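> sequence and predicted structure, then a few things I'm wondering about:
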Amino acid sequence: MERTTTTISQEEISRQLGFCREIAALNAVRPQAPLAFVDTYGCQQNEADSERIRGYLRQMGYDFTQDEEQAQIIVLNTCAIREHAEQRVLGNLGALVHVKRRHPDQIICLCGCMAQEPHVAEKVRQSFRHVDLVFGPHVLWKFPEFIHTLLTGRGRIFQIPDEAGSIAEGIPVVRQDTVKAWVSIMYGCNNFCSYCIVPYVRGRERSRKPEDILREVRELVEQGYKDITLLGQNVNSYGKDLDQAMDFADLLQAINAIPGDFLIRFMTSHPKDATQKLFETMARCEKVAPVLHLPFQAGNDRILKIMNRRHTREQYLEKIRSLKALIPDIVLTSDVIVGFPGETTEEFEDTLKVLEEVRFDALFTFIYSPRVGTPAAEMDDPMSREEKLANFNRLVALQDQISEEKHAAYIGKTVRCLVDGVSDDPRYPVTARTPGNRLVRLTGGTAQDVGQFMDVQITGANKWSLFGDLLFLEEK
Ligand code: SAH
Ligand code: SF4
Ligand code: F3S
């Protein structure tokens, strides 16, 4: 594997945009713009990548559809984090055989984290012959060139170079939302948690330059975006690879100084790199939302060690205590894995104890899924699926109870929320988010309110969401 990360030059990106223009000229002779369907699986990093794929496709003259029968180009941007995610993609990819039989000119592309796994690429090469293009995350910036080759030549393209990864600035984006935006601040991961596929498919940690990030955020704020999420697999190690002395807390502070009424969120944080300086910066910066997603994965030190998490349960709890002391109303969320190889039920119960002490507002819970090529996939895993499921259900039941209690505590409060979308339910026509990102379903309000910060009186709650009234409606 190539060990150093590369910066893709502006000449290269201009060359890619040149391919876009050539394809747009081919498409311009059609009576209507051809359509593309981009289907995204996985995390926000993939959502952000799909926005870049759409950005390129728009430059090539494509409009978008959700209907694969109508699409000239279909892109499946995939996730490899768990078996279930991969099965879904393979099922959907298999079904496209029939669609393509009806539309032989269709171009079918598989990209994202799954495409980067050598055994998946091989399977697609052998058994999914209707797929024209397979490319990994490292070469996303070359997408126009691949499409140009397919449109002007023949054959299939497989591009999954095993490299440390690159940074490409200047790729166009078509964003999915008008209120919330993703901004990748870094790519890749160096942590190699023993269960996790991400470092193998996303390459090494590499940080975008602060000036590029600040420019992007400034532009988003000027365009009216109100909720900006900084993305990276481990944002707390931002800047370690930069020439200048800038860490994640410094970056947050610089973004906070951008004028405008907007919220800053970020994910994901790793406990080993979440520092007191970060917590103090969060407390000081008024635009940084009072919420932290801090995965702890397991509550038992033996398990944490073989997971290669490089923190103990007590270190984790200590950090949470310091954070709560600085920001008492902090909203906390986390990720947990149940059934890691060798985890006993007694060790699993240590995870429940962490829930009881921290009282997370919400939890993302997963049953361990072996990933080809990771150390954990080679470990003995004697516990039965039924036992793992029983533990999983205990975890979910405890968290549901805590979420419900935490949500109930909002009732009667007035909270300044960001109205972020419309809903199909006539009883609650719009939705909003608290600063801590809890979902609020609002009685009243219209599409015009989307994108506004508004005072909301919280009137009800369940384990998933809050219910509320817009206060300005009562004043009218
Ligand atoms: N970079 C983030 C998370 C990335 S993946 C972090 O370090 O926290 C999101 C979550 O998926 C992880 O936090 C973990 O809980 C879960 N996960 C990752 N690999 C998994 C596996 N092999 N089986 C089950 N869950 C897994
Ligand atoms: Fe995976 Fe661990 Fe990296 Fe998160 S920090 S992406 S869990 S290896
Ligand atoms: Fe999945 Fe890749 Fe994200 S494996 S969780 S899409 S980084």
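Thanks, I have the structure now. In this text the structure is predicted, and so the values were computed from the model without any measurement. Ligands and ions are numbered 1, 2, ... in the order given.
> quick one: the helices in the stretch 1-150 of the chain?
10-28, 44-59, 83-102, 118-127, 143-152 (DSSP state H, counting those that start in this stretch).
> with the stretch 201-350 of the chain instead?
210-222, 248-256, 276-284, 301-306, 313-326, 345-358.
> lowest-confidence helix or strand of this structure?
helix 471-475 (a mean of 59; mean pLDDT, DSSP states H and E).
> domain assignment for this structure?
Domain assignment for the chain by automatic domain parsing gives 6-166, 177-289, 291-408, 414-473.
> returning to what we had before: so which of the helices of the stretch 1-150 of the chain gets nearest ligand 3?
helix 44-59 (4.1 Å; CB to the nearest ligand atom). No exception for glycine: its C-beta is placed from N, CA and C like everyone else's.
> what residues sit buried inside the closest one?
Neighbour counts over helix 44-59 (16 or more other CB atoms under 10 Å) mark 45-59 as buried.
> need the CA coordinates for that helix. PDB is fine.
Taking Å, rounded to 0.1, in the frame of the first residue of the first chain, the C-alpha atoms of helix 44-59 are listed here in PDB:
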ATOM      1  CA  GLN A  44     -22.800  10.700   6.600                       C
ATOM      2  CA  GLN A  45     -19.300  10.400   5.000                       C
ATOM      3  CA  ASN A  46     -21.000   8.500   2.200                       C
ATOM      4  CA  GLU A  47     -23.900  11.000   2.100                       C
ATOM      5  CA  ALA A  48     -21.200  13.700   1.600                       C
ATOM      6  CA  ASP A  49     -19.500  11.600  -1.100                       C
ATOM      7  CA  SER A  50     -22.800  11.100  -2.900                       C
ATOM      8  CA  GLU A  51     -23.300  14.900  -3.000                       C
ATOM      9  CA  ARG A  52     -20.000  15.100  -4.800                       C
ATOM     10  CA  ILE A  53     -21.000  12.400  -7.200                       C
ATOM     11  CA  ARG A  54     -24.300  14.300  -7.900                       C
ATOM     12  CA  GLY A  55     -22.200  17.400  -8.300                       C
ATOM     13  CA  TYR A  56     -20.200  15.800 -11.100                       C
ATOM     14  CA  LEU A  57     -23.300  14.200 -12.700                       C
ATOM     15  CA  ARG A  58     -25.000  17.600 -12.800                       C
ATOM     16  CA  GLN A  59     -22.000  19.100 -14.600                       C
END
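> returning to what we had before: out of the helices of the stretch 201-350 of the chain, which is the most enclosed?
Stretch with highest mean neighbour count among the helices of the stretch 201-350 of the chain: helix 248-256 (a mean of 20; mean count of other CB atoms under 10 Å).
> how far does that helix sit from the chain's center?
Centroid separation for helix 248-256 versus its chain: 20 Å, with CA atoms, centre = their mean, to the nearest Å.
> give me the mean pLDDT for that helix.
If you average the pLDDT over helix 248-256, you get 98.
> try stretch 402-409
So the average pLDDT for stretch 402-409 ends up being 97.
> contact partners of that stretch?
355, 359-363, 438, 461-466 (CB atoms under 8 Å, 6 or more residues apart in numbering).
> again, 10 Å this time
331-333, 355-356, 358-363, 436, 438-439, 458, 460-467 (CB atoms under 10 Å, 6 or more residues apart in numbering).
> burial of Arg21, as a residue count?
Arg21: 12 surrounding residues under other CB atoms under 10 Å.
> which residues of the chain lie near ligand 2?
Cys189, Asn191, Phe192, Cys193, Cys196, Val198, Pro199, Gln233, Asn234, His270 (CB under 6 Å from any ligand atom).
> wait, Pro34 sits on Arg58?
No. Shown here, Pro34 and Arg58 do not form a contact pair, counting by CB atoms under 10 Å, at 11.7 Å.
> reformat the helices of the stretch 201-350 of the chain as CSV; add distance to ligand 3.
Converted to CSV, the helices of the stretch 201-350 of the chain look like this (distance: least, CB to the nearest ligand atom, whole Å):
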stretch, distance to ligand 3
helix 210-222, 19
helix 248-256, 19
helix 276-284, 22
helix 301-306, 21
helix 313-326, 22
helix 345-358, 21
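> which residue, other than its chain neighbours, is closest to Asn236?
Distances taken as CB to CB, 6 or more residues apart in numbering put Asp273 closest to Asn236, at 3.5 Å, once the chain neighbours are dropped.
> tell me how many other residues crowd Gln106.
19.
> quick check: phi and psi at it.
phi -60, psi 140 (degrees, to the nearest 10).
> looking at the buried residues of helix 44-59, spot the one nearest Glu314.
For the buried residues of helix 44-59, the residue nearest Glu314 by CB to CB is Gln45; the value is 30.6 Å.
> in the sheet, which residues pair with the residue lying closest to that closest one once chain neighbours are set aside? Tell me.
Ranked by CB to CB, 6+ apart and with sequence neighbours excluded, the top spatial neighbour of Gln45 is Leu231, at 5.8 Å. Taking DSSP bridges as the rule, Leu231 bridges to Ser184, Met267.
> ok, Leu231 - contacts?
43-45, 47-48, 182-187, 265-268.
> the residues you listed: which ones sit near ligand 1?
Thr268.
> number of residues surrounding the nearest residue to His84 once chain neighbours are set aside?
Leaving aside its sequence neighbours, His84 sits nearest to Ser369 (CB to CB, 6+ apart; 7.0 Å). By other CB under 10 Å, the residues close to Ser369 number 17.
> which of the helices or strands spans Ser369?
Assigned by DSSP states H and E, Ser369 belongs to no helix or strand.
> that one reaches Pro341, doesn't it?
No. Between Ser369 and Pro341 there is no contact under CB under 10 Å: 11.1 Å.
> neighbour count and distance to Val97 added to the residues of the chain next to ligand 2, as CSV?
As requested, the residues of the chain next to ligand 2 are exported to CSV (neighbours: other CB atoms under 10 Å; distance: CB to CB, whole Å):
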residue, neighbour count, distance to Val97
Cys189, 22, 34
Asn191, 18, 38
Phe192, 14, 37
Cys193, 21, 36
Cys196, 22, 32
Val198, 22, 30
Pro199, 17, 33
Gln233, 21, 34
Asn234, 22, 38
His270, 20, 41
